[in-house]
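Engineer: Only the shape, not the letters, is given here:
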């Protein structure tokens, strides 16, 4: 599997992975095909995932700038088409209480408002007619140990106080009676506004809206070389050269090794593994009382997450391999299935129907960053830390404002570059160490 820390190219025109989404979403919408002639544009966007498509859409709609998007493979070929499809008001891995301590209440609330705006932006775009299999609202955060329930209750009280957030506390009995009998759950808190959807069809909807607004989207057009010129940039693709005054990097966890000095050593791509099971029978659903389609996540350092899909399959995800070389090892999918069966012992005969993995993008400070070089002609948005399905769209909107030379909120998200990883060549060793730390923490503390 393509590994961004080792490979200089993600390929050219590669097919979608054999995921549940790719095989059950129908036919991809039209794009502008592989670029075959040199072009001269004001803005080139590299990457046709959520961020790049949102940036192109908002540049066209709000600033009258018709950008050109170039994508190495297919639109949403990376994380945008491989994730679990959770729409949440999430801030990466950094908690709001940590933000408050570090930057004060005004900045913390500003970041919360941006994350909320991300969900609002997604909802508004879906309302324009994107068919992406939206499920009933609700996000359940379960305590994987008895001592974690009080932490969740404290979190609920804090968010109710800080934001007036509607958070419901569920006892183990209430969770089992009203949602599902997860034997690994000792209670939970439930948010009213998270939900699940088909992430690939969501991206395809953005693609259609962006092209309708005037953006060009060229798939099978990888950037193989990049030269800065006195008037801008030259992006070298297999069959054409793109001359651009400004360039937006929207490649996130799939950014090739050594792609641009502005982002070198500033991200850590981490594999997330997902399985989708066979459809549950009526008897299996009854045995687990699995009546909810809410999205679910636990309190582990190495989190598991799941939901019941519209066709009664279970999507279940967690960490994957450390390197791309080992990504296809069935051990990681089978490990997830084993954990799933500890939560739902009645599903011992359930099998995996689909298994795939994809790169999420970690930042050293656990926050996404939307930034630009001093000349304001190269821009990026990266580091969603596994929580980018909704915020990446807001990030694309803010990227468009930066490109159009408009002001953006004065927040660390938008004013600070991604910090560099210390001892960057050893990032994977650090990741290995964290995985072992997380396993011990989740088991004993």
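Structural biologist: Right, received. Where do you want to start? Only a predicted model underlies this, so the values are computations on that prediction, with no experimental measurement involved.

Engineer: Residue 413 and residue 112: what is the separation?
Structural biologist: 11 Å (C-beta to C-beta, to the nearest Å). Heads up, the C-betas are built off the backbone N, CA and C, glycines and all.

Engineer: can you pull out the helices in the stretch 1-150 of the chain?
Structural biologist: 20-23, 50-63, 96-103, 105-126, 146-163 (DSSP state H, counting those that start in this stretch).

Engineer: my bad, should have said the stretch 151-300 of the chain
Structural biologist: 172-178, 199-212, 282-288.

Engineer: Of all the ones you listed, which one is nearest residue 21?
Structural biologist: helix 199-212 (4.0 Å; C-beta to C-beta).

Engineer: counting contacts, what elements does the closest one pack onto?
Structural biologist: helix 20-23, helix 50-63, helix 105-126, strand 216-218, helix 388-403 (3 or more C-beta pairs under 8 Å, 6 or more residues apart in numbering; DSSP states H and E).

Engineer: who are the neighbours of the third one, in terms of helices and strands?
Structural biologist: In other words, helix 105-126. Other elements packing on helix 105-126 under the criterion 3+ C-beta pairs under 8 Å, 6+ apart are helix 96-103, helix 146-163, helix 199-212, helix 388-403, helix 412-415.

Engineer: next one: the shortest one
Structural biologist: Applying 3+ C-beta pairs under 8 Å, 6+ apart, we find strand 216-218 packed against strand 68-70, helix 199-212.

Engineer: mind running it again at 6 Å?
Structural biologist: Applying 3 or more C-beta pairs under 6 Å, 6 or more residues apart in numbering; DSSP states H and E, one finds that strand 216-218 contacts strand 68-70.

Engineer: partners of the strand it packs on in the sheet?
Structural biologist: strand 39-46 (parallel), strand 216-218 (parallel) (DSSP bridges).

Engineer: Now do the strands in the stretch 201-350 of the chain.
Structural biologist: Assigned by DSSP state E, counting those that start in this stretch, the stretch 201-350 of the chain shows strands spanning 216-218, 225-229, 232-236, 241-249, 268-277, 295-298, 305-308, 314-319.

Engineer: Nearest to residue 4, out of those strands?
Structural biologist: Using C-beta to C-beta, the strands of the stretch 201-350 of the chain put strand 268-277 closest to residue 4, at 4.6 Å.

Engineer: what's the closest one in contact with?
Structural biologist: 4, 20, 253, 313-317, 320-321, 327, 332-333, 336, 350, 352-355, 357, 359-362, 427 (C-beta atoms under 6 Å, 6 or more residues apart in numbering).

Engineer: Against residue 182, how distant is the nearest residue to residue 318 once chain neighbours are set aside?
Structural biologist: Closest residue to residue 318 apart from its sequence neighbours, by C-beta to C-beta, 6 or more residues apart in numbering: residue 304 at 4.6 Å. As judged by C-beta to C-beta, residue 304 and residue 182 stand 10 Å apart.

Engineer: Between those two, which is the more surrounded one?
Structural biologist: Neighbours per residue (other C-beta atoms under 10 Å) separate residue 304 from residue 182, with residue 182 holding more: 24 against 21.

Engineer: can you pull the contacts of the closest residue to that one other than its chain neighbours?
Structural biologist: Nearest-residue entry for residue 182: residue 343, 4.7 Å, with adjacent residues in sequence omitted and distances by C-beta to C-beta, 6+ apart. Applying C-beta under 6 Å, 6+ apart to residue 343 gives the contacts 182-184.

Engineer: Check residue 215 too.
Structural biologist: 56, 60, 67.

Engineer: Just give the number of residues close to residue 20.
Structural biologist: 23.

Engineer: no no, residue 438
Structural biologist: With other C-beta under 10 Å as criterion, residue 438 counts 15.

Engineer: tell me the average confidence for the host helix or strand of it?
Structural biologist: Following DSSP states H and E, one finds residue 438 within helix 427-444. Across helix 427-444, pLDDT averages out at 94.

Engineer: shaky segments in the protein?
Structural biologist: Within the chain, not a single segment meets pLDDT under 70.

Engineer: Let me know the outermost residue of it.
Structural biologist: Distance from the C-alpha centroid of the chain, by C-alpha atoms, centre = their mean, peaks at residue 230 (35.4 Å).

Engineer: And what about the residue lying closest to residue 263 once chain neighbours are set aside, helix, strand or coil?
Structural biologist: Closest residue to residue 263 apart from its sequence neighbours, by C-beta to C-beta, 6+ apart: residue 380 at 5.8 Å. Assigned state for residue 380: strand (three-state reduction, DSSP: H, G, I helix; E, B strand; the rest coil).
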